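Q: Return a 3D structure for these sequence lines:
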Amino acid sequence: MVADASPKLPTITAQDLLAKVQTAKVDGLSGTVRSTADLGLPAIPGAPAGSEQVTELLSGEHTARVALASPDKARVSILDNQSERVWTTDGKTAWAYDSAKREATRLTVPAHSTAPEKAKPSNYDPQAVAKRFLAAIDPTTTVQVSGTEKVAGRDAYKLRLVPKTDKTTVGSVTLAIDSKTWVPLDVTVMPRSGNDPAVEVGFTSVSFGAPAASTFTFTPPQGVKVTDQKLPSKGAAPGKLTPKPVMPKQVTPQGAAEAKPTVIGTGWESVAMVKGVQTAGLTGNGPLAQLLAKAPTVQGSWGKGKVLTSKMVSALITDDGRVFVGLVTPDTLQAAAAKAPR
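A: Okay, here's the model as predicted:
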């Protein structure tokens, strides 16, 4: 006897399911999230220590314990290689803790302010990941209810998003929507080519209800170095609260203002551009130089550069210090470069 993995649920239209997802509200939830990713990114030979953060969520499998309580309480504990990293906020104080480094950062949130979103890592929250793809829905997207399934022991509808454009590397995105709370329980991203998911983030266990307030407090273990920071009255939270990609020195942006990405295009065809990247050092024996040496050279009205491709991510590095990245085809990158401001 084989158990039926497709529960029988009342028929619902894609439009009604979308409306329920976008208006879903829960007091809180807790559970375990499994994240897997295979974007087909090449390894960077001789990459410097610490640069593994660049591809932390872009390859491999990760497990996290997650707790959320509206409006501004969250805790994420990432378990990897017998170490733990914790991000938690109770709305007044936010903590970032790394057990391997024996370091913790405490951020005080000023009165009449809310905990910064950057203090709440969202890559391990199926709800947050789902919202990113739901935001891309426009006339270029086919939306359909493609069946039902069991996720974390709960009955769920499958909402499938299929881009109509052939300029993206995304083949489809399937959201598993809980049939009682209408909360996304799982997100699966399929590439345009291949039969294996490029990204999947979903609960393996989940419980709905507001976790105890003590869940979001943190006491650093004895001997841990604690650094105190205060959230500015305006602006983003300090970078230590979220893991940032560590870029080799030869591609460090020249200035913070220039490093802010510009988005070109909309929806599935969106491309992010960063200006002011130092291209000196991309030739020779450096790690990126070795990678780019095998990359094809392209040119157009936008200039000249190197293009890197994988089954999901494409990047164009131009000779004048611009980098274009997106879940799009190389031709789409070059088209975006032609429209981009110098």
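Q: how many other residues sit next to L107?
A: The tally of other residues near L107 (other CB atoms under 10 Å) stands at 23. To be clear about C-beta, it is placed using only N, CA and C from the backbone, and glycine gets the same treatment.
Q: what sits up against the helix or strand encompassing G147?
A: In this structure, G147 sits in strand 141-151 according to DSSP states H and E. Residues outside strand 141-151 that contact it (CB atoms under 8 Å, 6 or more residues apart in numbering): 5-9, 12-15, 17-18, 137, 155-164, 174, 176, 178-179, 185-186, 202-203, 267-268.
Q: Okay, buried residues for it please.
A: For strand 141-151, the neighbour count (16 or more other CB atoms under 10 Å) marks 141, 145, 148-149, 151 as buried.
Q: After it, which helix or strand is next?
A: strand 154-163.
Q: what sits up against that next one?
A: Strand 154-163 is contacted from outside by 7, 9, 12, 14, 17-18, 21, 133-134, 136-137, 140-150, 170-180, 185-186, 206, 267-268, using CB under 8 Å, 6+ apart.
Q: Could I have the CA atoms of it written out in PDB?
A: C-alpha atoms of strand 154-163 as PDB (Å, rounded to 0.1, in the frame of the first residue of the first chain):
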ATOM      1  CA  ARG A 154      -0.200  19.700   6.400                       C
ATOM      2  CA  ASP A 155      -2.500  19.700   3.400                       C
ATOM      3  CA  ALA A 156      -1.500  22.300   0.800                       C
ATOM      4  CA  TYR A 157      -2.400  23.600  -2.600                       C
ATOM      5  CA  LYS A 158       0.300  24.000  -5.200                       C
ATOM      6  CA  LEU A 159       0.300  27.400  -6.900                       C
ATOM      7  CA  ARG A 160       2.500  27.400 -10.000                       C
ATOM      8  CA  LEU A 161       3.900  30.500 -11.600                       C
ATOM      9  CA  VAL A 162       5.300  30.200 -15.100                       C
ATOM     10  CA  PRO A 163       7.100  33.100 -16.800                       C
END
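Q: Strand partners (parallel or antiparallel) of that strand?
A: Strand 154-163 pairs in its sheet with strand 141-151 (antiparallel), strand 170-178 (antiparallel), by DSSP bridges.
Q: Look up how far V66 lies from the residue nearest the centre of the chain.
A: Nearest to the mean C-alpha position of the chain, counting by CA atoms, centre = their mean, stands N123 at 4.4 Å. From N123 across to V66, the span is 11 Å (CB to CB, to the nearest Å).
Q: which residue packs closest to W95, ignoring adjacent ones?
A: Leaving aside its sequence neighbours, W95 sits nearest to F218 (CB to CB, 6 or more residues apart in numbering; 4.2 Å).
Q: Give me the domain ranges for the chain.
A: 14-241, 249-339 (automatic domain parsing).
Q: among these, which gets the worst mean confidence?
A: The weakest mean pLDDT among the domains of the chain belongs to domain 249-339, with a mean of 78.
Q: Which strands or helices does the one helix or strand L17 maps to pack on?
A: Per DSSP H and E: L17 is located in helix 14-23. In terms of contacts (3 or more CB pairs under 8 Å, 6 or more residues apart in numbering; DSSP states H and E), helix 14-23 is packed against helix 126-134, strand 141-151, strand 154-163, strand 170-178.
Q: Can you check what angle separates the last one from helix 14-23?
A: Read that as strand 170-178. 70 degrees (axes from the mean of the first three to the mean of the last three CA atoms, to 10 degrees).
Q: relative orientation of strand 170-178 and helix 126-134 in degrees?
A: Using the same axes, to 10 degrees: strand 170-178 against helix 126-134 is 140 degrees.
Q: Residues touching strand 170-178, excluding its own?
A: Applying CB under 8 Å, 6+ apart, the set of residues contacting strand 170-178 is 17, 20-21, 130, 133-134, 146, 149, 151, 154-163, 183-193, 202, 268, 312, 327.
Q: Report whether the expected contact of K339 with V263 is present.
A: No. Counting by CB atoms under 8 Å, K339 does not reach V263; the two are 11.6 Å apart.
Q: and the two most separated of the buried residues of strand 141-151?
A: For these, the farthest-apart pair by CB to CB is T141 and V151; their separation is 22.5 Å.
Q: Let me have the buried residues of strand 141-151 in CSV, adding distance to A213 as columns.
A: What follows is those, written out as CSV (distance: CB to CB, whole Å):
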residue, distance to A213
T141, 40
V145, 38
T148, 36
E149, 34
V151, 28
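Q: For P341, which non-adjacent residue is closest in space?
A: T262 (7.3 Å).
Q: what about the one you found, distance to V173?
A: Noted for T262: a distance of 25 Å to V173, by CB to CB.
Q: more neighbours, those two?
A: Taking other CB under 10 Å, T262 and V173 do not tie; V173 has more neighbours (24 against 14).
Q: ok, that one to V162 distance?
A: According to CB to CB, V173 stands 8 Å off from V162.
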